[in-house]
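> Pasted the sequence and its predicted model underneath.
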Amino acid sequence: MHKNREEINGPQMDLGKSFQALDNIASKIGGQSKVVEPELAMCLKQQDQSVVNSSLKLGRTLGLEATPQVFIDGERLPAGARPTSELWPAIDRALKAQGIEPPSKTVKTTNAGQTAR
């Protein structure tokens, strides 16, 4: 999806065209991956877009314009992937609002190279 985002979103962000572009991309990748094309075509045809439409409606209601969008205890952080240096203070504020003292600020590096407290 990320590789094809301009094709999917288009200049006008028309959902009908976006869904069609996604189906076309899925068919293309399916063909390259040796998926049984008639079965893939049947799956694409039978998709229920109501869940996606419901999610989009909720996003519009919340004023969201991009993903990911993170809320921590009702606090909306700026859209997009956020570094942990921005997440921890928001988590600390949420804990304090609940009367909970946040854990110490000791930072450790996990085996995967990610930071944790």
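Ah, there it is.
> how about low-confidence regions in the chain?
For the chain, the stretches with pLDDT under 70 are 1, 106-117.
> 90 instead, please
Counting by pLDDT under 90, the chain shows low-confidence ranges at 1-24, 26-35, 37-38, 40-53, 55-56, 59-60, 62-68, 79-82, 104-117.
> Sort out which residues of the helix ranked longest in it are buried, please.
The longest helix of the chain (DSSP state H) is helix 15-32. By neighbour count on 16 or more other Cβ atoms under 10 Å, the buried set for helix 15-32 is 18-19, 21-23, 26, 30. In short, each C-beta sits where N, CA and C put it, glycine included.
> Go ahead and produce CSV holding the CA coordinates of that helix.
Taking Å, rounded to 0.1, in the frame of the first residue of the first chain, the C-alpha atoms of helix 15-32 are listed here in CSV:
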residue,chain,number,x,y,z
LEU,A,15,-13.0,6.3,-2.1
GLY,A,16,-14.6,4.5,-5.0
LYS,A,17,-11.4,5.0,-7.1
SER,A,18,-9.2,4.1,-4.1
PHE,A,19,-11.0,0.8,-3.5
GLN,A,20,-10.7,0.0,-7.2
ALA,A,21,-7.0,0.9,-7.2
LEU,A,22,-6.5,-1.4,-4.2
ASP,A,23,-8.3,-4.2,-6.0
ASN,A,24,-6.2,-3.7,-9.1
ILE,A,25,-3.0,-3.7,-7.1
ALA,A,26,-4.1,-6.9,-5.2
SER,A,27,-4.8,-8.6,-8.5
LYS,A,28,-1.4,-7.6,-9.9
ILE,A,29,0.5,-8.8,-6.8
GLY,A,30,-1.6,-11.9,-6.7
GLY,A,31,-0.7,-12.7,-10.3
GLN,A,32,3.0,-12.2,-9.6
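> Need the residues that contact stretch 12-24.
1, 4, 7-10, 44, 49, 52-53, 56 (Cβ atoms under 8 Å, 6 or more residues apart in numbering).
> Tell me where the chain has helices.
Using DSSP H, helices in the chain cover 5-9, 15-32, 37-45, 50-61, 84-97.
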